[in-house]
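S.K.: Take this sequence and fold it.
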Amino acid sequence: MLTKVKNYVRDRWPFGHDLGIPPASLERLVSASGAEPWHLYAIQNRKWRRHVCVACAWLAEVLPGNALIFEPGCGSGANLFWLAARGFRRLQGSDLSLEALRLCRDLAELQKCEVEVWRDDGMRPLHPPKGADAIISVNWLYHIPGASLAAFLAAYRPSLRAGGLIACDVVDRAYDNVPGNHWHSADLRLPEARRRPSEYTFRLSAAEVESIARAEGFRVRRSARFALGRPQRAVYLLQRVESASQSMWFRGFPPGATGIS
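M.R.: As a prediction, the model looks like this:
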């Protein structure tokens, strides 16, 4: 019980997730790279984006420093930098945006971090990693029209070693009950004729994630649902399994551990 309480509190108070990049340097590099301005917001406010922090923290807790961690859709590399600061040495990422990759490399040089990044399509990778210990995917998949968790898991399962992990987030099915959820959240004050469809292209309940994971050769090792934010999100730690009976334990993460806020 004490472990569950400790995990619950730690997941919801994201201390220690600020990257410590000087604001002036960050603003200069974002501008010079040509990357989308939202990268500035995402980095400066990273410690309050709990779905991002929790996914990274779970991997940091259970993996050794020599683990190979890959992030498709890595953007500016903020998650990789956080992991590097905790001693991880084999960090890779990909993104479609050349500007974001330039920003990532510039920030890596500023912070003296070693990360390997390349241009690739996160949903249809031409150059996926091999033998990764873990993959992290947060804050992008549900923004892609036509994307699905099932397709993502199918695409990256071969990139993981047996027993490898995927830390990912989804927009929770509870968001379907929020008034105006089918409209783009930035357009809710506009007349309906001028509103765009929601930027959150799919939503999944815990039962749906469990079913999809099982069908694609994974099992849920841990989950945390954040019910107070908008949209409501949930984070999952999935483990690749080779058979229905296989089970692998990681310190602190018994099967089925969950948390809800």
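S.K.: So what touches stretch 205-217?
M.R.: 149-150, 153-154, 157, 170, 172-174, 204, 219-220, 223, 225, 234, 236, 238, 240-242, 258 (C-beta atoms under 8 Å, 6 or more residues apart in numbering). The C-beta positions use only the backbone N, C-alpha and C, and glycine is treated the same way.
S.K.: Check which residues of it are buried.
M.R.: 206, 208, 209, 210, 212, 213, 216, 217 (16 or more other C-beta atoms under 10 Å).
S.K.: cool, stretch 53-64 as well?
M.R.: Buried residues in stretch 53-64 (16+ other C-beta under 10 Å): 53, 54, 55, 56, 57, 58, 59, 60, 61, 62, 63.
S.K.: Which neighbouring elements make contact with the helix or strand containing the third one?
M.R.: By that I understand residue 55. Following DSSP states H and E, one finds residue 55 within helix 50-62. Secondary-structure packing of helix 50-62 (3 or more C-beta pairs under 8 Å, 6 or more residues apart in numbering; DSSP states H and E): helix 2-12, helix 78-85, strand 132-137, strand 160-171, strand 218-226, strand 233-240.
S.K.: Report the distance from stretch 79-98 to the chain centre.
M.R.: 12 Å (C-alpha atoms, centre = their mean, to the nearest Å).
S.K.: Stretch 63-79 now?
M.R.: 10 Å.
S.K.: start to end distance for that stretch?
M.R.: End-to-end span of stretch 63-79 (C-alpha to C-alpha, to the nearest Å): 15 Å.
S.K.: If we go by neighbour counts, what in it is buried?
M.R.: Of the residues in stretch 63-79, 63, 67-79 count as buried by neighbour count, 16+ other C-beta under 10 Å.
S.K.: Can I get those residues in TSV including secondary structure, distance to residue 107 and pLDDT?
M.R.: Output for the buried residues of stretch 63-79, formatted as TSV (DSSP: H, G, I helix; E, B strand; the rest coil; distance: C-beta to C-beta, whole Å; pLDDT from 0 to 100):
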residue	secondary structure	distance to residue 107	pLDDT
63	coil	23	97
67	coil	22	97
68	strand	21	98
69	strand	17	98
70	strand	18	98
71	strand	14	98
72	strand	18	98
73	coil	16	96
74	coil	11	96
75	coil	11	95
76	coil	6	94
77	coil	6	95
78	helix	8	95
79	helix	12	96
